[in-house]
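**Q** structural data only, the sequence is not supplied:
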């Protein structure tokens, strides 16, 4: 996929790009990370901590081969290799979206025993240049699932639109809360 003018315009709109923390950012203590130090465009990094996703008693995924996407003002999204996901529970979702950094997203729903969680996951099967490592991965919105990173319970990113995972080592504030659209 080539970068068209619309995506270029979206990329240029961001004021905060990780080079400086705004005055309202929480100062991280030792062992913490500020999401305001994350870059834009986002950085993709491997994360060997154990990531587990459950839907009630059903284990959906378990891996030590996740990727974290680190983007200014966002808690990281965790992308899990398809090989470490119980794919039999995922069915194609509806709609789609385009990220100016990762490209066109495909949505997935979870389906089991007559229950469905609609559009609870997404993937980038044909990502833009720079996001190639996540081509064989899927990410999950943590709000309707029980997600842990090394046994620490994940809190969903505020607002419901973004899929970031708030873990204990992160400081914010986080994009998605009221008044944060321009971040």
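**A** Arrived safely, thanks for sending. Note that the structure is a prediction, hence the values are computed from the model and not measured. Residues are numbered from 1 along each chain as shown.

**Q** continuing past the helix or strand of the chain with the lowest mean pLDDT, what's the next helix or strand?
**A** For the chain, counting by mean pLDDT, DSSP states H and E, helix 5-12 ranks last in confidence among helices and strands (a mean of 72). Scanning the chain past helix 5-12 towards its C-terminal end, the next helix or strand to appear is strand 33-34 (assignment: DSSP states H and E).

**Q** tell me which residues touch residue 166, please.
**A** 75, 154-157, 172, 174 (Cβ atoms under 8 Å, 6 or more residues apart in numbering). Heads up, the C-betas are built off the backbone N, CA and C, glycines and all.

**Q** try 6 Å this time
**A** Residue 166 makes contact with 75, 155, according to Cβ atoms under 6 Å, 6 or more residues apart in numbering.

**Q** how about it, phi and psi?
**A** The phi/psi pair for residue 166 (degrees, to the nearest 10) reads phi -90, psi 120.

**Q** ditto for residue 37
**A** Taking degrees, to the nearest 10, you get phi -90, psi -10 for the backbone angles of residue 37.

**Q** from residue 40, how far off is the nearest residue to it once chain neighbours are set aside?
**A** Setting aside the residues directly before and after it, residue 37 is nearest to residue 18 in space (Cβ to Cβ, 6 or more residues apart in numbering), at 5.8 Å. Using Cβ to Cβ, to the nearest Å, one obtains 6 Å as the distance from residue 18 to residue 40.

**Q** tell me the centre residue of the protein?
**A** The structure's the chain has its C-alpha centroid closest to residue 77; by Cα atoms, centre = their mean the separation is 2.1 Å.

**Q** returning to what we had before: now for residue 18 and residue 40: what residues contact both?
**A** Counting by Cβ under 6 Å, 6+ apart, the contacts common to residue 18 and residue 40 are residue 72.

**Q** residue 154 contacts residue 144, doesn't it?
**A** No: because the distance of 11.9 Å does not satisfy Cβ atoms under 6 Å, residue 154 is recorded as not touching residue 144.

**Q** if you count what's nearby, which of these two comes out ahead?
**A** In terms of neighbours (other Cβ atoms under 10 Å), residue 154 is the more surrounded of residue 154 and residue 144; the figures are 23 against 13.

**Q** for the more buried one, give me its contacts.
**A** Contacts here follow Cβ under 6 Å, 6+ apart; on that basis residue 154 touches 142, 147, 165.
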